[in-house]
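Chemist: sharing a sequence plus its predicted fold:
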Amino acid sequence: MAQQLAKLEMKNIVKEFPGVKALSDVQLSLYPGEVHALMGENGAGKSTLIKVLTGVYSIDQGTVTLEGKQVSINSPLKAQELGISTVYQEVNLCSNLSVTENIFIGREIKKYGRLAWKEMNQHAEKLLERLQLNIDVTKLLSSYSVAIQQMVAIARALNVSAKILILDEPTSSLDRDEVQQLFAVMRQLKKDGLAIVFVSHFLDQIYEITDRLTVLRNGEWIGEYKTEAIDRMELVSKMIGKDLAELEAISSKTTDISQSDTLESMLQANEVGLNGKISPFDLELRKGEIYGLAGLLGSGRTEMARVLFGADKADKGKMTINGKDVHFTTPRSAILNKIGFCSENRKTEGIIPELTVRENMILAIQSVYGWFRYLSRAKQMKIAEEYIQLLNIRPANPEQLIKNLSGGNQQKVMLARWLVTNPDLLILDEPTRGIDIGAKTEIMKLMTHLSKENKSILFISSEIEEILRTCDRIAVLRDRKKVQEFDNDRELTQQDLMKEMAGGM
Amino acid sequence: MKTKLFWPIIVLILILVINLFFDRSFFSIELRNGHLTGSLIDILNRGAPLILISIGMTLVIATKGIDLSVGSIIAMSGAIGAMTVADTASEGSGPLWMAIGLSLIICLVVGGWNGLLVSRVGVQPIVATLILMVAGRGIAQLITGGQITTVYYEPYSFIGGGYLLTLPFSVFIVAFVFLMAVLLTRKTALGLFIESVGSNADASRLAGINSKNIMLMVYMFSGLCAGVAGLILSSNVMSADGNNAGLWFELDAILAVVIGGTSLMGGRFYLMGTVIGALIIQSLTTTIYSIGVPAETNLVVKALVVLVVCLLQSAEFRRKVFGIGKVKPTGEQKGREGVTLS
Amino acid sequence: ACGSTDESSGNGENTDNGTEQTAEDTKPEETNSDTEEKESDDQSAEKLVIGFSQVGAESEWRTANTKSIQNAIKDAGHELKFSDAQQKQENQIKAIRSFITQKVDAIVFSPVVETGFETVLREAKDAGIPVFLVDRAVDVDDDSLWVTFLGSDFVEEGRKAGNWLVEEMADQEGPVNIVELQGTVGSAPAIDRKQGFEEIVSKEDKFEIIKSQTGDFTRAKGKEVMEAFLKSDGENIDVLYSHNYDMAIGAIQAIEEYGLKPGEDIKIIGVDAVRGAFEAMADGKMNVTIECNPLFGPQLVELIEKHAAGGEIEKRIAVEESMYTMDQAEELLPTRKY
Amino acid sequence: MNRLSLDYKQLPLVATISLFVLMFSFGSLRYTGFFSTQVFLNLFINNAFLIVIAVGMTFVIVSGGIDLSVGSVIALTSMVTASLTMEAQLSPFIVVPISLLVGTVLGVIQGALIHFYNLQPFIVTLAGMFLARGLSYMISVETIAIDHPFFNFMANSQIPVPGGNFISISVVIALIVVFIAMFVAHFTKFGRNVYAIGGSEQSAMLMGLPVARTKILIYTLSGFCASLAGLIFTFYMLSGYGLHANGMELDTIAAVVIGGTLLTGGAGYVAGSVVGVLILGIIQTIIVFEGTLSSWWTKIAIGALLLLFIVLQRVIVWRSEKKHANG
Ligand SMILES: Nc1ncnc2c1ncn2[C@@H]1O[C@H](COP(=O)(O)OP(=O)(O)OP(=O)(O)O)[C@@H](O)[C@H]1O
Ligand SMILES: Nc1ncnc2c1ncn2[C@@H]1O[C@H](COP(=O)(O)OP(=O)(O)OP(=O)(O)O)[C@@H](O)[C@H]1O
Ligand SMILES: [Mg+2]
Ligand SMILES: [Mg+2]
């Protein structure tokens, strides 16, 4: 491939934010018909590189050449005009518009001088069908889950005759089938001669779909490799900058099923449900167990978690915690009962963008204390520093505004917010979304650690292996209904789960 | 915080210095029959009501709200206060406390009403408070019977016209309210909660903050501040004017808040900035009066000053005009991109 | 009208108002009781529906005016449709239009501004409803659109103020420094009272208006502006001319707080002979007040009834007004109704 | 699929219209002479200018901004129109375009300041509000009456409608503006961009929409509408005056928000704003028909009716949202 003329060359790119050198002397070259991975830990600078390329940020230094010509891309609009189509890491669509509008806005189909809604709706449906998604495209985007929004964003990017397609962690909230659909489409596009940039923290996916990869570490360019020519260990060591020996040590620490031995019940839900959101279900959580929720996109896992947490008020059923009847009307009442909930949608339901990392971390514990018992500044700092270290959050500055952190690091702060409250039950909805491998194992470890301390965890993930690896028991949801519950003994396989998730054949 | 205050302070100083050209003794402060007098003291004294309602407005705006009713609450509070003591001939302080208590309680209730509409009924703040903006003035006039009632009860004048330790008493009121606001918001977690609710209400709810109560409280506080301001204004002229008291104050207050660096999009708030913003507006008004600007051009001058202040605070503007950005490009960029990108 | 924050301008040159008329009667109350009785005797036969569109309730003067007209209409046994325009011309036009659809027998209104009523007045004329203007005129060429205009003359009030000052200062050496507190920018009383006053004082060189700023007709603003004046000109100020009583009161407070004696160190001329002005004069804090009489309800009802009965009515009827000085204050105070 | 079918999004709009009908019926039952076509048409005649600014304001608010300058622009336009016609004796063919430019230019400047210097719309347009009113005082503090055949014609012509009733030319202009605006909002790219920016300016930018151009255009459009409304207002009043339309920006915002537009941006309908204007109009009409309210009771009544209306609107929306969730 290297003999071909590069479609895109980025050379000596430097980008600095106040106090952070996000990119220093980075390069990237893209060839037609290849899928190129950007690899690196959370905060390595992948998203920044993409934003610099697409004109969201201005470049401090360096050059960009497109098909041999030097270009200056100063806005996403310009990037689009040059044939670069992008899906950014956070879903950046307008949730107040319909799915169709989100796909077509900016390049609407017109007929007789007016927008042709009918045609656009049909087109949109077709596009989504290509991704095996059947939804009502006239409904507002906000009525769909993050995963579907992510698919819509991808559909939007596919809807242009682009030369370069950039996908920043498109798979972070998709489940296996959706990922395969996406890959099928990517392969097709590759054949058509597109150059695709792909970011993901899943090594399997990288090895499955990419041809070459560029590794970044702390904003620095480490190298460019053929995917087939570099093995996993080596790749990881390049990413985290530790040599192979050290890595061996880390990987051997893989977690195991926690296997709680108590059978003491912590939370019991009896026929709890919410009309239109989740059918009534029974659920028992024991002390010290990790309970997994498996299901396909839109199967109702998030809904179940929200009802348990009181984020949506259950309209039927009964709940008891440690034998005591409880009735959650607000998240606050759940928190006061020592429950924590880490939402899957960190952008709208997680971070408080205008506040600092420290303030975001102590928010939940402070709300438990109430506003009179204000944690002293010193205590806050101590907490913040402790968790920054524990979760390896970068930059390690508690006074940084959280909106300026990379996606993965924001996720870690969210996790820290709940760990600080030391909850008896921690509900984690896709906590590993967008988190790099190192941190992921770290989080798994944390979960097992918590369960050893007799805390319960409700764990939602689209990664079946993750669930299998960590959970004591697993419930499968389908069509917003709890359909099956498994004990995670050695015999349970991915196949069993997937069968149940898909329809129990 | 430091940088947020820098430009407003510069503008304030500029306005004061302009005065110096017209009046050499502008900065002088002297002791006259036991009272400190001077233009600077006057500005503080006259600006007291505006500073007060701006402080309340700051917290409301920090929750992404807005309170248009403060002007009318001023009228109501003044009317209640003045009518309570209107027929009093005695010199004792009983009626005074009665007047203060009554009007503040009612203003608290009225603010709570706004808060309920916003937080519980879910009405958009601008409309919710518009109701009282219209009706409040009517209520004030109802109380005064449409008259401008003059008060002859001496102690009443102390609130807005009295002196304590050679300084106008209203200055102490402002200082007290300001300190209370700072203490409540910065020494307890209230400030954090307010900023959190204003920045992302959904996420705050999920973090266990009772956003509804925070909003309720903030509107009550704003009502209270307006109530105090109303008492000062009415006591200062010893009368109650339901129709004109506090007219268009809400706009000046919002202006003061924004000049002080608090964004109307909610989130971070800066009480000190607000006070400086209010002082800018007040000094501007006083300056216009004393340097003899023709009455019909008042508004144009005001518009231009507002624009200049806002432009100076805009990082983009400074970069383009002063070229500050050239030296430190990324530093300047943060302001903008930081807001829009996560 | 007097000391209102409402919006209007140039009262034209209706100079047929006269000081001579005011001499006849200085006690408005007398007129009231007289006319009221007369009405009920003469024309109680027909019950009329009268639509009254008032400017607003922006000042004490206005409230007194509203009450006087409302009571007069009700006392005469007619039905009143009252509408308050909240100081907005649009509202007033809407109200008149609505009176037309409600088919009232007569429309009474105090125009917020003197321009802009032609269309709606024509509609009223087409519907055959007589219109009576009170307090302010409208600027319409076709004077068949209304029956009569009953009200005061602001320019003349300004002149009276000027004349008093010229006389008072006759043997004073110049320069005489005057500060002026204007009404709301653009409002008719503010423009006219300024104009009438300037007309007189500009004839003599020794008078100089050193500062002129709006106090929005309110006490609080009047005080604030006066404070600023005192700061910059202090003892140089000899005379204060205030477009209404409220601002004068605010200014008096400012002067006292500054340490000067209102009425002595600074002569004070105010318009609106409301009760409070007499109190201030009795206390020696105000030198002169020019009357602007709001109590012409009975006079108005009489006109309406006369018109309904087919009588001829003059196009311009002036309200009795006068000027009072400090010396008269004590004596007149108990007789003031508003 | 069919965009005309009743959509869940359009709920506030439907609620508003039903409440309007309710209020009209209430008036009709209570007051004789209320239930007539002319009373209904008068709502349009008396509020034509408000409809026009509300249309412009709808775009601004949907985009997440606000425009406080509109009331003052009306005053300035009326002043410019009057002084050019009466003092400079220019022909209406010159005066009208110049007047329309007044607000448009101010709108461009405001939009540019808001976008390029990242200033808050509230403050920029507040300054615009002071400026426009200040400028009209500087032209003259007195009112200038207009006596010109063209303006008299525009002001006094009555267009008959069936049933012996009539409307004014201004109503026709306003309705044309409304229809164009509805088309622009829903069937042009610009319209969709406005909604997108209101939903999330950042996302709109990342989606490659022309944010700068659209934003400036929005304020220009609002300025233009304000000027056009100023002209209509001038027809209505036949005069120019610096104090015209004092505080009208708040009426406009209220009308738009009552019409179901979210002040936070991203959702709303032009048609809703028109109904919002009619609601404000009918509140006033009811008060005039009542005919016994003192000044202060008038204010209190306006507030109370506004409250009643808003609470009912919330209740309707709530209940249907629940139904929607359950269905
Ligand atoms: N607007 C900003 N202001 C300040 N710092 C920023 C800003 N955007 C990014 N950064 C910093 O730049 C660095 C790189 O961030 P980037 O988002 O590119 O990481 P990433 O590789 O995409 O990580 P992740 O895998 O977590 O998405 C981080 O340290 C981040 O804190
Ligand atoms: N295929 C679909 N068709 C229509 N609506 C869907 C579909 N999938 C999801 N939704 C909507 O998205 C909402 C979100 O569902 P929920 O978040 O509970 O799913 P989930 O199991 O957590 O899956 P994920 O988070 O991976 O999307 C549901 O209430 C539903 O209205
Ligand atoms: Mg990233
Ligand atoms: Mg989910």
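Modeler: It's in. Computed from a prediction, not measured in an experiment: that's the story for all the values here. Ligands and ions are numbered 1, 2, ... in the order given.

Chemist: and residue 43, helix, strand or coil?
Modeler: You didn't say which chain, so I picked chain A. Recorded secondary structure, residue A:43: coil (DSSP: H, G, I helix; E, B strand; the rest coil).

Chemist: what's the burial count for it?
Modeler: 25 (other CB atoms under 10 Å in any protein chain shown). Where C-beta positions appear, they are placed from N, C-alpha and C, glycine not excepted.

Chemist: my read: it touches residue A:409, true?
Modeler: Yes. Residue A:43 is within contact range of residue A:409, at 5.3 Å (criterion: CB atoms under 8 Å).

Chemist: who touches both of the two?
Modeler: Contact with both residue A:43 and residue A:409 is made by residues residue A:394, according to CB atoms under 8 Å, 6 or more residues apart in numbering or on different chains.

Chemist: what is the neighbour count of residue B:67?
Modeler: Neighbourhood size, residue B:67 [other CB under 10 Å]: 33.

Chemist: what backbone torsions are found at it?
Modeler: With angles defined as degrees, to the nearest 10, residue B:67 sits at phi -130, psi 100.

Chemist: now do the contacts for it.
Modeler: By CB under 8 Å, 6+ apart, the contact list for residue B:67 reads B:56-57, B:60, B:114, B:125, B:129, B:219, B:222, B:250.

Chemist: of these, just say which sits nearest to residue A:83.
Modeler: Set against residue A:83, the nearest of these by CB to CB is residue B:125 (44.5 Å).

Chemist: what sits against residue A:478?
Modeler: A:295-296, A:299, A:500-501, A:503-504.

Chemist: return the helix or strand in chain A with minimum mean pLDDT.
Modeler: In chain A, no helix or strand scores lower on mean pLDDT, DSSP states H and E than helix A:244-251, which sits at a mean of 58.

Chemist: could you count how many residues lie near the spatially closest residue to residue C:79 that is not a sequence neighbour?
Modeler: Leaving aside its sequence neighbours, residue C:79 sits nearest to residue C:49 (CB to CB, 6 or more residues apart in numbering or on different chains; 4.6 Å). The local packing of residue C:49 (other CB under 10 Å) involves 16 other residues.

Chemist: quick one, phi/psi of residue C:49?
Modeler: Dihedral pair for residue C:49: phi -100, psi 120, per degrees, to the nearest 10.

Chemist: so it makes contact with residue C:77?
Modeler: No. Applying CB under 8 Å, one finds residue C:49 not in contact with residue C:77, separated by 11.6 Å.

Chemist: circling back: please check the contacts of residue B:67 and keep the buried ones.
Modeler: B:56-57, B:60, B:114, B:125, B:129, B:219, B:222, B:250 (16 or more other CB atoms under 10 Å in any protein chain shown).

Chemist: nearest to residue A:78 among those residues?
Modeler: Looking across these and measuring by CB to CB, the closest to residue A:78 is residue B:125, at 38.0 Å.

Chemist: who touches the closest one in this structure?
Modeler: B:60, B:64-67, B:114, B:118, D:263.

Chemist: in helices only, show me the residues you listed.
Modeler: B:60, B:114 (DSSP state H).

Chemist: now the two most distant members of the contacts of residue B:125.
Modeler: B:114 and D:263 (15.3 Å).

Chemist: can you list the contacts of residue A:478 in TSV and add secondary structure, distance to chain D and pLDDT?
Modeler: As requested, the contacts of residue A:478 are arranged in TSV below (DSSP: H, G, I helix; E, B strand; the rest coil; distance: CB to the nearest CB, whole Å; pLDDT from 0 to 100):
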residue	secondary structure	distance to chain D	pLDDT
A:295	strand	21	86
A:296	coil	22	82
A:299	coil	18	85
A:500	helix	28	82
A:501	helix	25	81
A:503	coil	25	73
A:504	coil	27	56
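
Chemist: buried subset of these, written for PyMOL?
Modeler: A single PyMOL command selects the buried members of the contacts of residue A:478 (16+ other CB under 10 Å):
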select buried, chain A and resi 295+296+299+500+501
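
Chemist: need the contacts of residue A:478 in a markdown table (columns: distance to ligand 3).
Modeler: Shown next, in a markdown table, are the contacts of residue A:478 (distance: CB to the ion, whole Å):
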| residue | distance to ligand 3 |
| --- | --- |
| A:295 | 26 |
| A:296 | 26 |
| A:299 | 27 |
| A:500 | 33 |
| A:501 | 29 |
| A:503 | 35 |
| A:504 | 37 |
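
Chemist: next one: the residue in the stretch 201-338 of chain C that chain D sits nearest to, what pLDDT does it get?
Modeler: Using CB to the nearest CB, the single residue of the stretch 201-338 of chain C nearest to chain D is residue C:214, 9.9 Å away. In this model, residue C:214 is scored at 89, pLDDT.

Chemist: give me the number of residues near it?
Modeler: 25.

Chemist: strands along chain B, start to end?
Modeler: Assigned strands in chain B, in chain order: B:30-32, B:35-37, B:148-150, B:163-164, B:167-168, B:239-241 (criterion: DSSP state E).

Chemist: okay, and residue A:62 sits in which element?
Modeler: Element membership for residue A:62 (DSSP states H and E) is strand A:61-66.

Chemist: does anything pack onto that strand? Which helices or strands?
Modeler: strand A:8-17, strand A:69-71 (3 or more CB pairs under 8 Å, 6 or more residues apart in numbering or on different chains; DSSP states H and E).

Chemist: where does the chain have low pLDDT?
Modeler: Since no chain was named, I'll use chain A. Under the criterion pLDDT under 70, the flagged ranges of chain A are A:1-6, A:243-262, A:504-505.

Chemist: think we crossed wires, I meant chain C
Modeler: C:1-45, C:337-338.

Chemist: can you map out the strands along it?
Modeler: Under DSSP E, chain C gives strands at C:49-54, C:79-84, C:106-109, C:131-135, C:148-151, C:176-182, C:207-214, C:239-242, C:267-271, C:288-290, C:316-318, C:323-325.

Chemist: so what strands line up beside the fifth one?
Modeler: Put plainly, it is strand C:148-151. Sheet pairing of strand C:148-151 (DSSP bridges) gives strand C:131-135 (parallel), strand C:316-318 (parallel).

Chemist: residue D:46 is nearest to which of the ones you listed?
Modeler: Nearest to residue D:46 among the strands paired with strand C:148-151 is strand C:131-135; the distance by CB to CB comes to 18.1 Å.

Chemist: next, the buried residues of the closest one.
Modeler: Applying 16+ other CB under 10 Å to strand C:131-135 flags C:131-135 as buried.

Chemist: stretch D:176-189 too?
Modeler: D:177-178, D:181-182, D:184-189.

Chemist: also near chain A: which of those, exactly?
Modeler: Within the set of those, contact with chain A (CB under 8 Å from any CB of the partner chain) is found for D:186-189.

Chemist: identify the residue nearest residue B:213 in space, chain neighbours excluded?
Modeler: For residue B:213, ignoring the flanking residues on the chain, the nearest one in space by CB to CB, 6+ apart is residue B:119 at 7.4 Å.

Chemist: the residue in the stretch 1-150 of chain A that ligand 3 sits nearest to and residue A:405: what is the separation?
Modeler: Nearest to ligand 3, among the residues of the stretch 1-150 of chain A, is residue A:47, at 3.1 Å (CB to the ion). Distance, residue A:47 to residue A:405, using CB to CB, to the nearest Å: 11 Å.

Chemist: ranges for the strands of the stretch 101-250 of chain D?
Modeler: D:144-145, D:158-161, D:165-168, D:239-240 (DSSP state E, counting those that start in this stretch).

Chemist: can you list the ones you listed in a markdown table and add distance to ligand 3?
Modeler: Formatted as a markdown table, these follow (distance: least, CB to the ion, whole Å):
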| stretch | distance to ligand 3 |
| --- | --- |
| strand D:144-145 | 62 |
| strand D:158-161 | 62 |
| strand D:165-168 | 59 |
| strand D:239-240 | 58 |
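
Chemist: how many neighbours does residue B:287 have?
Modeler: Other residues near residue B:287 come to 22 when the count uses other CB under 10 Å.

Chemist: over to residue D:240?
Modeler: For residue D:240, the count of nearby residues is 33 (other CB under 10 Å).

Chemist: for the closest residue to it other than its chain neighbours, give me its contacts.
Modeler: Residue nearest to residue D:240 in three dimensions, not counting chain neighbours: residue D:82, with 2.6 Å by CB to CB, 6+ apart. Residues near residue D:82 by CB under 8 Å, 6+ apart: D:143-146, D:234, D:239-241.
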